[in-house]
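1. missing the sequence, but the structure's below:
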Ligand SMILES: [Mn+2]
């Protein structure tokens, strides 16, 4: 199966800051086409510094290489690959432009918020629920959740280097990159690596014949 163009399914932006004094960040992201869908994920290696970065890179390598797999086996594959490392927490999203759906799955405290473009008849936002645990050492019972998305729906994933309530008071009509930059500037803690990924669903037009 050929891969879609990422940009036909989502527009996205990312902003990150490495903890002062460290040479590499333990917070990494991945955005990759996966057949008819697009995989987006944020990984936070436990702690910071070289060991955190190495665990995060190992997770991203698995996600990159096996992006076509469904989220559950993909996450289990990450877990096996990370045994013996410091481990990571992560949140994964799989946008399906043909089905108009988004599946999410997370372990640990990479927070996620879905902002609905059309709030009529549904809440303005949904917090993505993740299970506590550590990929690479303590995997919780996993359950992926699926929701319908419409063009304009926007998902924000943020590591714990970003303060809570990062989704409040966001500028309207901002691009995903502008939102990511805004959130990092306004809510970055400065005491840990920090990363925020913003993905806006644009629909599956690219899949139409
Ligand atoms: Mn962190």
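-> Cool, the structure landed. Remember, it's a predicted structure, so these values are computed and weren't measured experimentally.
2. before we move on, which element is residue 55 in?
-> Here residue 55, judged by DSSP states H and E, is contained in helix 50-65.
3. for that helix, which positions count as buried?
-> Going by neighbour count (16 or more other Cβ atoms under 10 Å), the buried part of helix 50-65 is 52-53, 55-60, 62-63. Backbone N, C-alpha and C define where each C-beta goes, glycine included.
4. what's that helix packed up against?
-> Counting contacts by 3 or more Cβ pairs under 8 Å, 6 or more residues apart in numbering; DSSP states H and E, helix 50-65 is packed against strand 27-34, strand 37-45, helix 71-82, strand 88-96.
5. rewinding a little: quick check, nearest of the buried residues of helix 50-65 to residue 138?
-> Nearest to residue 138 out of the buried residues of helix 50-65 is residue 55 (Cβ to Cβ; 13.9 Å).
6. what pairs with residue 162 across the strands?
-> Beta-bridge pairing of residue 162, defined through DSSP bridges, involves residue 188.
7. flag every buried residue along stretch 3-18.
-> So, applying 16+ other Cβ under 10 Å, buried residues of stretch 3-18: 4, 6, 8-18.
8. need the winner for burial among the helices and strands packed on helix 50-65.
-> Sort the helices and strands packed on helix 50-65 by mean neighbour count, taking mean count of other Cβ atoms under 10 Å, and strand 37-45 sits at the top with a mean of 29.
9. sheet partners, orientation included, of that strand?
-> With DSSP bridges as the test, strand 37-45 pairs up with strand 27-34 (antiparallel), strand 88-96 (antiparallel).
10. and those strands as TSV, adding mean pLDDT and distance to the ion?
-> Converted to TSV, the strands paired with strand 37-45 look like this (pLDDT from 0 to 100; distance: least, Cβ to the ion, whole Å):
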stretch	mean pLDDT	distance to the ion
strand 27-34	97	6
strand 88-96	97	8
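11. list the contacts for the residue nearest the centre of the chain?
-> Residue closest to the average C-alpha location in the chain (Cα atoms, centre = their mean): residue 41, at 3.3 Å. With contact set as Cβ atoms under 8 Å, 6 or more residues apart in numbering, residue 41 has these partners: 29-31, 60, 63, 90-93, 157.
12. residue 33 - nearest residue in space that isn't next to it in sequence?
-> residue 3 (3.8 Å; Cβ to Cβ, 6 or more residues apart in numbering).
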